[in-house]
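[1] would you be able to build a 3D model of this:
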Amino acid sequence: MAENYKRRIAVFGSTGSVGKQTLEVIKTFPDLFEVEILTAHNNDKLLIEQALIFKPNAIVIGDESKYKGVKDALASTDVKVFAGENSLEEVAAFDTYDIMLDAIVGFAGLRPTIKAVESGKTIALANKETLVVAGDLVMQLAVEKRAPIIPVDSEHSAIFQCLIGETRNKIEKIILTASGGPFLGKKPNFLVNVKREHALQHPNWNMGAKSTVDSATLMNKGLQMMESKWLFNLMPDQIEVIVHRQSIVHSMVQFEDGSVKAQMGLPDMKIPIQYALTFPSRLKAPNPRLNFKKIPVLEFEEPDYKTFRNLTLARAAMEKGGNMPAVLNAANEIAVWAFLNNRIGFLDITGMIEKSMEKINYIEKPNLSDYFESDAEARNFAASLINL
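    Next comes the predicted model:
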């Protein structure tokens with residue numbers, strides 16, 4: 001990196017899986033990065049611990065009932081403590097940081113991301129729902145404000161890396177790879193008995209509970225399809241999904257001449273996180289290296305759309321556009337919450353999403369308030385299906 005100053009990082013969602021791994025990357029390069037802001041939804045204990053180690057300028061605890069405990073624990077430091085969802089937007093608008101690493105889970109990441117984009121910040125984006133829900137508005141705003149958006153998800157990072165130097169060359173299609181999750185090859189008669197603990201056992205990746213369940217239902221790949229559409233300015237028929245069990249090829253780009261570029265590596269989120277923070281540089285890191293002699297065969301297969309219908313629903317939402325991706329995402333968040341809390345079965349997740357997509361009114365060209373209203377309406381309807 002050519003700069004002679006430290007990049008100031010705001011880690012939104014610092015106590016989640018991606019947030020924690022981001023702080024590990026920052027710790028590896030203490031001369032290059034400093035932590036300016038940390039935020040968490042309700043994990044006050046870990047947030048306090050992180051604040052004591054990294055000494056940020058400000059932190060936000062989303063759960064206002066935990067404000068006093070956090071404030072008291074950090075009373076002997078200079079760390080400014082804020083609380084509540086509105087505070088996320090307030091600190092996102094601060095001019096004291098250079099890069100927002102957005103690792104907030106779900107729809108909650110949208111408002112603070114928009115604030116950071118309005119301020120012209122560089123966004124290292126791990127919160128796919130921001131673009132799933134309002135990708136048209138967010139990407140247009142990013143262009144207007146000259147706010148770079150660098151993807152952090154391994155699949156989108158792979159495509160981003162494959163496109164470096166290819167500005168003038170038209171993409172024929174992208175190929176998103178999916179591990180298939182813990183239930184690859186299973187049929188509905190098996191999945192009907194799946195419990196929470198089974199769905200949280202991902203074979204390759206270390207992710208939070210919500211993302212791990214999304215991977216098990218293949219909704220994670222559906223959300224990534226929709227995010228790809230906006231990140232890379234693609235039509236739905238230019239986005240293909242293929243199951244790649246080993247998670248070595250993180251995704252591919254096919255060009256008009258028939259050539260395909262792939263980005264490969266071990267399944268380790270710290271690699272794309274580091275790339276997003278150091279872009280355009282690649283810095284030497286202590287991550288384990290890929291040894292092809294130990295992986296003599298790379299396997300690819302078609303997803304099972306009949307069993308894992310979330311992928312079909314996601315493609316339908318992407319093709320219909322408008323507010324339908326927002327409806328799908330909201331219903332999915334409620335359904336996954338219900339499954340994780342043993343309120344519904346694994347296969348019921350898809351049914352709740354499908355019913356919500358059928359029930360909520362379609363808006364072809366929504367504005368930002370339409371997106372928020374569609375989200376709320378879909379959540380309420382999905383919740384009503386299980387008497388929440």
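[2] mind showing which ranges of this protein have poor pLDDT?
    The model of the chain has pLDDT under 70 over residues 1-4, 202-206, 388.
[3] need the helices for the stretch 1-150 of the chain, in chain order.
    Ranges of helices within the stretch 1-150 of the chain are 17-28, 44-54, 67-73, 85-92, 110-118, 129-144, based on DSSP state H, counting those that start in this stretch.
[4] return the set of buried residues in the shortest one.
    When neighbours are counted by 16 or more other CB atoms under 10 Å, the buried residues of helix 67-73 are found to be 67, 70-71, 73. (Glycine included, C-beta is placed from N, CA and C.)
[5] list just the nearest of the residues you listed to Ala134.
    The closest of the buried residues of helix 67-73 to Ala134 turns out to be Tyr67 (CB to CB; 29.1 Å).
[6] which residues does that closest one contact?
    In this structure, Tyr67 makes contact with 61, 81, 83-84, judged by CB atoms under 8 Å, 6 or more residues apart in numbering.
[7] which residues touch Arg146?
    Residues in contact with Arg146 (CB under 8 Å, 6+ apart) are Gly120.
[8] which stretches of the stretch 201-350 of the chain form helices?
    Under DSSP H, counting those that start in this stretch, the stretch 201-350 of the chain gives helices at 209-217, 219-231, 270-278, 310-320, 324-340, 348-359.
[9] give me the domain ranges for this protein.
    The chain breaks down into these domains under automatic domain parsing: 7-151, 157-320, 321-388.
[10] and the residue nearest to Ala58 when sequence neighbours are not counted, how many neighbours?
    Using CB to CB, 6 or more residues apart in numbering and skipping the chain neighbours, the partner closest in space to Ala58 is Lys80 (4.3 Å). The tally of other residues near Lys80 (other CB atoms under 10 Å) stands at 14.
[11] could I get the helices of the stretch 1-150 of the chain as a markdown table with distance to Lys306?
    A markdown table is the format used below for those (distance: least, CB to CB, whole Å):
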| stretch | distance to Lys306 |
| --- | --- |
| helix 17-28 | 30 |
| helix 44-54 | 41 |
| helix 67-73 | 48 |
| helix 85-92 | 39 |
| helix 110-118 | 32 |
| helix 129-144 | 24 |
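[12] to Leu340, which of these lies closest?
    helix 17-28 (14.9 Å).
[13] quick revisit: of the helices of the stretch 1-150 of the chain, which is nearest Asn291?
    Closest approach to Asn291 among those is made by helix 17-28 (21.8 Å; CB to CB).
[14] contacting residues around that closest one?
    9, 11-14, 33-35, 40, 50, 54, 101, 103, 126, 152, 206-208, 211, 269-270, 273-274, 277, 285-286.
[15] show me these that map onto strands.
    Those of the contacts of helix 17-28 mapping onto strands are 9, 11-12, 33-35, 40, 101, per DSSP state E.
[16] how far does stretch 116-131 sit from its chain's centre?
    Offset of stretch 116-131 from its chain centre (CA atoms, centre = their mean, to the nearest Å): 11 Å.
[17] what's the burial count for Met235?
    Neighbours of Met235 using other CB under 10 Å come to 11.
[18] hmm, which two among the buried residues of helix 67-73 are most spread apart?
    Spanning the widest gap among the buried residues of helix 67-73 are Tyr67 and Ala73, at 10.9 Å by CB to CB.
[19] quick one on the thing from earlier: now the buried residues of helix 67-73 as CSV including distance to Lys221?
    Listed next are those as CSV, based on distance: CB to CB, whole Å:
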residue, distance to Lys221
Tyr67, 38
Val70, 36
Lys71, 41
Ala73, 40
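[20] tell me the one of those residues nearest Gly258?
    Distance to Gly258 across the buried residues of helix 67-73 (CB to CB) is lowest for Val70, with 55.8 Å.
[21] Thr39 versus the residue located most distally from the centre of the chain, what's the distance?
    Relative to the centre of the chain, and counting by CA atoms, centre = their mean, the farthest-placed residue is Ser76 at 34.6 Å. Ser76 sits 21 Å away from Thr39, going by CB to CB, to the nearest Å.
[22] likewise Ser154?
    Computed as CB to CB, the Ser154 to Thr39 distance reads 23 Å.
[23] show me which of the two is the more surrounded one.
    Neighbour totals were compared for Ser154 and Thr39, and Thr39 leads with 27 against 22 (other CB under 10 Å).
[24] about what we covered before: could you measure from the residue farthest from the centre of the chain over to Gln50?
    Look at Ser76 and Gln50: by CB to CB, they are 16 Å apart.
[25] do Pro288 as well
    To Gln50, Pro288 is 25 Å away according to CB to CB.
[26] comparing those two, which residue is more hemmed in?
    Remark: of Pro288 and Gln50, Gln50 carries more neighbours, 22 against 9, as counted by other CB under 10 Å.
[27] which ones are touching the more buried one?
    14-15, 23, 38.
[28] chain center to stretch 272-289, what's the gap?
    Distance, stretch centre to chain centre, for stretch 272-289: 18 Å (CA atoms, centre = their mean).
[29] is it possible to mark the buried ones in the contacts of Gln50?
    Among those, those scoring as buried are 14-15, 23, 38 (criterion: 16+ other CB under 10 Å).
[30] Lys359: which of those residues is nearest?
    Lys359 has its nearest neighbour among the buried ones among the contacts of Gln50 in Thr15, at 34.3 Å by CB to CB.
[31] quick one: the closest one and Ile48 touch, right?
    No. Contact criterion CB atoms under 8 Å: Thr15 and Ile48 do not qualify, at 10.1 Å.
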